[in-house]
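>>> from the sequence below, what's the structure:
(chains A, B, C and D)
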2 protein chains.
Amino acid sequence: MDLNRKQMSIIQYKSYDRLLVAVDCIIFGFDGTELKALMIKRGFDPEMGKWSLMGGFVNQMESVDDAASRVLNQLTGLSSIYMEQLHCFGDVKRDPGGRVVSVAYFALIKIDDYNEALMQEHNAKWFPLKKIPAMVFDHKQMMRLAQERLQQKVAQHPIGFALLPDKFTLQQLQGLYEAIYERQMDKRNFTRKILAFNILNKLNEKEKESSKKGAFYYVFDKKKYERMDKEGLKFL
Amino acid sequence: MDLNRKQMSIIQYKSYDRLLVAVDCIIFGFDGTELKALMIKRGFDPEMGKWSLMGGFVNQMESVDDAASRVLNQLTGLSSIYMEQLHCFGDVKRDPGGRVVSVAYFALIKIDDYNEALMQEHNAKWFPLKKIPAMVFDHKQMMRLAQERLQQKVAQHPIGFALLPDKFTLQQLQGLYEAIYERQMDKRNFTRKILAFNILNKLNEKEKESSKKGAFYYVFDKKKYERMDKEGLKFL
DNA sequence: GCAAAAGTGTTTTGTCTACACCCATGA
DNA sequence: TCATGGGTGTAGACAAAACACTTTTGC
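All right, here's what the predicted structure looks like:
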């Protein structure tokens, strides 16, 4: 036998167990009032017909992150979604259909920004976080963890913009923060704080739907943010 | 064909790729002055002889967490180590020996608390965080992420005790925090802050090695801590 | 008695919180 | 002209940071 080292190692690795690796995505959206999560009716067994996170298996030739992007795209039609790895769930019996290790991701999308046809195809539905139904496997646990993580994350990084339209008013932004932290905030304090970060640009344009006076739109300034993000800001 | 749903689902899952799943552990220790990480000389190909994190493959019949515990135990001889999942690394080509998804964990141990024979067997060595050598695959990236996470975590949860002996002086504790955050702290402010959390018990016993006067030992009070931890404290 | 680390309070500074009124506009 | 949400400033409370001297004791 005349094996080189690379061949050796492949042979060596061969003796270990191979497992199914899945990704599951907690997809958050904000409708202006409430935080919601997107869930689908599971279309195959086990647990067919029950509510579930959108998920899929990782292919041999794709990275785990790519698998998550693919799954998000399959459901929403969107690419370049804000997405972050949450946790790897690896209990032996978490999925009664087999030994599946699942890597959970959470994603933030603009709630009106999706492909209606794809959503219907998957029987997808938005649920307010307060009214999450029973879910398959350990998906509820994933959900809870995602919500905690979102709170922590938003306290230090203004990723919340990913949940809002490109231009938004300060009140809409405050509404989002109130939804995430589940508490009321003072308008003046909020305004002062968020403007102090100097990551918003005020437009010369007003939103006139919800008031007679109209509220100025702001946009998120990505460059200013990146400069600032490295040091880590703290909102809460 | 007359398959029930469970059988169906297993068949369905069968068509997906199965991957090798590994765990890798970043093991932190504190020698009284410096924060260190424990690394091993890799004993098999690929990359045999290079520095590496301690790792291993996840077996079919064990959870990912259990695999990490097992790996930690193999190297240190210790069980019930403080351990936390860090991140799942899933790039296709991260390991040249094959398609391996690795779940990284970080662990905190008392640096004198290990089995010397096991350590030698694995060619393990402590490296100061400032002087980490080149490492195989993406292990350096894991290392960096672990260090960041440790900082964040310790700011909100006093897990640092896991790195110290059961009884320790306030100066030792401060030294640990200074090592983690890589900056000097004021003795008076530190003492006031840490005692205010009310999670330490003062012993009637002094450490007399490092000074003539001697410094009182303290112990960590787990019960008080757990009561407090739920709300989340903030040290920094 | 002196060297070496332990232990201990106060002042200043800055940040967070609570709070209320005028403004612009469309109907 | 009035009803509606938009926009703005200040004072008090609290927390963080800066700062230096006395104590103990082994040598």
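>>> mean confidence for stretch A:214-230?
For stretch A:214-230, mean pLDDT rounds to 90.
>>> spell out whether it and chain B are in contact.
No. Counting by Cβ under 8 Å from any Cβ of the partner chain, chain B is not contacted by stretch A:214-230; separation bottoms out at 11.9 Å. Every C-beta, even on glycine, is put in place using the N, C-alpha and C of the backbone.
>>> what about that stretch, how long is it end to end?
Taking Cα to Cα, to the nearest Å, the first and last residues of stretch A:214-230 lie 35 Å apart.
>>> what does stretch A:102-116 give?
Termini of stretch A:102-116 sit 27 Å apart (Cα to Cα).
>>> hey, which helix is longest across chain A?
helix A:139-156 (DSSP state H).
>>> got the buried residues for it?
A:139, A:142, A:143, A:145, A:146, A:147, A:149, A:150, A:153, A:154 (16 or more other Cβ atoms under 10 Å in any protein chain shown).
>>> how about the residues you listed in a markdown table, adding distance to DNA strand D?
Shown next, in a markdown table, are these (distance: Cβ to the nearest atom of the strand, whole Å):
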| residue | distance to DNA strand D |
| --- | --- |
| A:139 | 37 |
| A:142 | 33 |
| A:143 | 31 |
| A:145 | 27 |
| A:146 | 28 |
| A:147 | 26 |
| A:149 | 23 |
| A:150 | 24 |
| A:153 | 21 |
| A:154 | 20 |
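>>> what's the first helix or strand after the longest helix of chain A?
strand A:167-169 (DSSP states H and E).
>>> flag every buried residue along whatever helix or strand comes next after that following strand.
Once strand A:167-169 ends, the next helix or strand along the chain (criterion: DSSP H and E) is helix A:170-181. Neighbour-count burial for helix A:170-181, counted by 16+ other Cβ under 10 Å, picks out A:170, A:171, A:172, A:173, A:174, A:175, A:176, A:177, A:179, A:180.
>>> what is the nearest of these to chain B?
Among those, residue A:180 lies closest to chain B (Cβ to the nearest Cβ), at 16.0 Å.
>>> quick one: contacts for the closest residue to the closest one other than its chain neighbours?
Spatial nearest neighbour of residue A:180, chain neighbours left out: residue A:154 (5.5 Å); criterion: Cβ to Cβ, 6 or more residues apart in numbering or on different chains. With contact set as Cβ atoms under 8 Å, 6 or more residues apart in numbering or on different chains, residue A:154 has these partners: A:160, A:177, A:180, A:235.
>>> my guess is the second one contacts residue A:186. True?
So the one you mean is residue A:177. No. At 11.5 Å, residue A:177 and residue A:186 do not qualify as touching, with contact defined as Cβ atoms under 8 Å.
>>> ok, which stretches of chain A are strands?
Here chain A has its strands, by DSSP state E, at A:18-30, A:35-41, A:51-52, A:54-57, A:82-89, A:100-108, A:124-128, A:167-169, A:200-207, A:215-220.
>>> what sits closest to residue A:35 if chain neighbours are left out?
Residue A:35 sits nearest to residue A:179 (Cβ to Cβ, 6+ apart), 4.5 Å away.
>>> give me the distance between that neighbour and DNA strand D.
Separation of residue A:179 from DNA strand D (Cβ to the nearest atom of the strand, to the nearest Å): 16 Å.
>>> again with residue A:108
Residue A:108 is 23 Å from DNA strand D, where distance means Cβ to the nearest atom of the strand.
>>> got the residues of chain A near chain B?
Neighbours of chain B within chain A, by Cβ under 8 Å from any Cβ: A:5-6, A:8-10, A:12-13, A:16-21, A:44-46, A:48, A:57-65, A:67, A:85, A:87-88, A:90-92, A:96-101, A:103.
>>> buried ones among those residues?
Buried among those (16+ other Cβ under 10 Å): A:8-9, A:13, A:16, A:18-21, A:45-46, A:57-59, A:62-65, A:67, A:85, A:87-88, A:90-92, A:97-101, A:103.
>>> how about the buried residues of helix A:170-181 in JSON lines, adding distance to residue B:123 and pLDDT?
Output for the buried residues of helix A:170-181, formatted as JSON lines (distance: Cβ to Cβ, whole Å; pLDDT from 0 to 100):
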{"residue": "A:170", "distance to residue B:123": "59", "pLDDT": "96"}
{"residue": "A:171", "distance to residue B:123": "61", "pLDDT": "95"}
{"residue": "A:172", "distance to residue B:123": "58", "pLDDT": "96"}
{"residue": "A:173", "distance to residue B:123": "54", "pLDDT": "96"}
{"residue": "A:174", "distance to residue B:123": "56", "pLDDT": "96"}
{"residue": "A:175", "distance to residue B:123": "57", "pLDDT": "96"}
{"residue": "A:176", "distance to residue B:123": "52", "pLDDT": "96"}
{"residue": "A:177", "distance to residue B:123": "51", "pLDDT": "96"}
{"residue": "A:179", "distance to residue B:123": "53", "pLDDT": "95"}
{"residue": "A:180", "distance to residue B:123": "48", "pLDDT": "95"}
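>>> from those, which single one is nearest residue A:130?
Nearest to residue A:130, judged by Cβ to Cβ, of these is residue A:179 at 10.3 Å.
>>> mind listing what the residue nearest in space to the middle of chain A touches?
Nearest to the mean C-alpha position of chain A, by Cα atoms, centre = their mean, lies residue A:107 at 1.5 Å. Contact analysis of residue A:107 by Cβ under 8 Å, 6+ apart lists A:25, A:26, A:27, A:28, A:68, A:72, A:81, A:82, A:83, A:84.
>>> hang on, residue A:220 packs against residue A:199?
Yes. Counting by Cβ under 8 Å, residue A:199 is a contact partner of residue A:220 at 6.6 Å.
>>> who has more neighbours out of those two?
Each of residue A:220 and residue A:199 has its neighbours counted (other Cβ atoms under 10 Å in any protein chain shown); residue A:199 has more, 21 against 18.
>>> re earlier: which one, of the strands of chain A, ends up nearest to DNA strand C?
strand A:200-207 (8.2 Å; Cβ to the nearest atom of the strand).
>>> need the contact partners of that closest one.
Counting by Cβ under 8 Å, 6+ apart, A:167, A:169, A:194, A:214, A:215, A:216, A:217, A:218, A:219, A:220, A:221 sit against strand A:200-207.
>>> can you tell me the strand partners of that strand and which way each runs?
Strand pairing for strand A:200-207, using DSSP bridges, gives strand A:215-220 (antiparallel).
>>> run the angle between the strand it pairs with and helix A:170-181 for me.
Per axes from the mean of the first three to the mean of the last three Cα atoms, to 10 degrees, the angle that strand A:215-220 makes with helix A:170-181 is 60 degrees.
>>> so strand A:215-220, near DNA strand C or not?
No. Applying Cβ under 7 Å from any atom of the strand, one finds strand A:215-220 out of contact with DNA strand C, separated by at least 10.7 Å.
>>> show me what that strand is in contact with.
A:158, A:161, A:166-171, A:173, A:199-207.
>>> how about stretch A:193-202: buried residues?
A:194, A:199, A:200.
>>> returning to what we had before: near DNA strand C, which of the buried residues of helix A:139-156 show up?
Okay, of the buried residues of helix A:139-156, nothing touches DNA strand C (Cβ under 7 Å from any atom of the strand).
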